[in-house]
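Q: Could you look at this predicted model? Sequence included:
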Amino acid sequence: AQSVTQLGSHVSVSEGALVLLRCNYSSSVPPYLFWYVQYPNQGLQLLLKYTSAATLVKGINGFEAEFKKSETSFHLTKPSAHMSDAAEYFCAVSDRGAGGTSYGKLTFGQGTILTVHP
Amino acid sequence: NAGVMQNPRHLVRRRGQEARLRCSPMKGHSHVYWYRQLPEEGLKFMVYLQKENIIDESGMPKERFSAEFPKEGPSILRIQQVVRGDSAAYFCASSPIGGPYYGYTFGSGTRLTVV
């Protein structure tokens, strides 16, 4: 079964500092990988996704993530944190089905709450 | 184009009552997914439906939980005889074609509290 591990349930950074949120997955075949953001009392919004086109993926709001097969990792970064980045971030994986289509479900990590200090 | 609409946003039920959660997918989306988020945890997959069909219910508890997505109308997640442990946020997502690769949009969730 697929699993996703997010290292660090809470990450705190200063405004303007680098943001690094870690995600490792376990899968015998490289899956599709996603990062979502959740603001309080809201649904999840897709930040970016890896579908094998390029290992460095750029997303919205200045975030990017790099797929590293050798490390089974898909860490999320942003060069300079903004106060509005404070939220909970989830890494997720989806099986890569036959013919390149994905199965329906996502498997999520436990989430990382990002706090940004002025 | 409205997003995924879930209602109610908040639902309070007494133990033993039934809870019905509704999800209207985005226009043009015929695939619906339900997830549950327990306090301090990530989202857990429950069920994947297409119109009138259950595709994958591997995450659904064996008892008291059911889901449907009729030909007309919203998808319904039904919880019978609710217990305190059912208190959680329930999220629905929809996509135009099966799987998150093609664009998976989440609703804002229904927060169920069982008292």
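A: Noted; the coordinates are in hand.
Q: The helix or strand of chain A with the lowest mean pLDDT pairs with which strands, parallel or anti?
A: Every helix and strand in chain A was compared by mean pLDDT, DSSP states H and E; the lowest is strand A:102-108, with a mean of 78. Note on strand A:102-108: by DSSP bridges, its sheet partners are strand A:87-96 (antiparallel).
Q: what does chain B put close to chain A?
A: B:4, B:31, B:33, B:35, B:41-45, B:48, B:55-56, B:58-59, B:91, B:93, B:98-101, B:104, B:106-109, B:111 (CB under 8 Å from any CB of the partner chain). C-beta coordinates here come from the backbone N, C-alpha and C atoms, glycine included.
Q: Looking at these, which are in strands?
A: Among those, DSSP state E puts B:31, B:33, B:35, B:43-45, B:48, B:55-56, B:91, B:93, B:106, B:111 in strands.
Q: Okay, the spatially most central residue of chain B and chain A: tell me how far apart.
A: By CA atoms, centre = their mean, chain B has its centre lying nearest to B:Trp34, at 3.6 Å. Going from B:Trp34 to chain A by CB to the nearest CB, to the nearest Å gives 10 Å.
Q: how far does stretch A:79-87 sit from the chain's center?
A: 15 Å (CA atoms, centre = their mean, to the nearest Å).
Q: Which parts of it count as buried, going by neighbours?
A: In terms of neighbour count (16 or more other CB atoms under 10 Å in any protein chain shown), stretch A:79-87 has its buried residues at A:Ala81, A:Asp85, A:Ala86, A:Ala87.
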